[in-house]
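Q: The following comprises the amino acid sequence and a computationally predicted model.
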Amino acid sequence: MPSKANPAYVDGLKMLARRDLSEARLRDRRTARRVADDVFAGLDEDGGHDSLMEASLARRLPSGAKIEDDREFQRLYRYLIGQGFEADRVLLLLNRRKRP
């Protein structure tokens, strides 16, 4: 014997389940944000980008080595930009490492 209250009851349960799911997703996002904040809190004031950029550059240019010519400068610039570093910071770093 189906009654009219049965579909309304089911609809109410669906609505509650969607709300619970939304709240759980929001909690997960907040937790993930807190974890990310904790991870990056230890980086230096520039956000750690300069030290990460130095490490990335060291893979292509040995420590203490100077950039010999414009072609190498451009190659390293493209590499660091491709890694996601900001153009102005890349230029500052590469100009410091360029042979006078």
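A: Looks like it arrived, so ask away.

Q: Helices of the chain, start to end?
A: All helices of the chain, identified by DSSP state H, fall at 5-40, 49-58, 70-82, 87-97.

Q: low-confidence ranges in this protein?
A: Flagging of the chain using pLDDT under 70 yields the residue ranges 1-5, 39-49.

Q: got the domain boundaries for it?
A: Split into domains by automatic domain parsing, the chain comes to 1-42, 49-97.

Q: Mean neighbour count, those domains: which tops it?
A: For these, the largest average neighbour count (mean count of other CB atoms under 10 Å) is found in domain 49-97, namely a mean of 14. Using the backbone N, CA and C atoms, a C-beta is placed for each residue, glycine as well.

Q: Return the distance of that one from the chain's centre.
A: Distance, stretch centre to chain centre, for domain 49-97: 20 Å (CA atoms, centre = their mean, to the nearest Å).

Q: what's the answer for stretch 86-98, then?
A: Averaging C-alpha coordinates over stretch 86-98 and over its chain gives two centres that are 21 Å apart (CA atoms, centre = their mean).

Q: Dump it to CSV, restricted to CA.
A: This file holds the C-alpha atoms of stretch 86-98, laid out as CSV (Å, rounded to 0.1, in the frame of the first residue of the first chain):
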residue,chain,number,x,y,z
GLU,A,86,57.8,34.1,-12.4
ALA,A,87,59.5,35.9,-15.3
ASP,A,88,60.9,38.8,-13.3
ARG,A,89,62.5,36.5,-10.7
VAL,A,90,63.9,34.2,-13.4
LEU,A,91,65.5,37.3,-15.1
LEU,A,92,67.0,38.4,-11.8
LEU,A,93,68.5,35.1,-11.1
LEU,A,94,69.9,34.5,-14.6
ASN,A,95,71.3,38.1,-14.8
ARG,A,96,73.2,37.4,-11.5
ARG,A,97,74.7,34.2,-13.1
LYS,A,98,75.5,35.8,-16.5
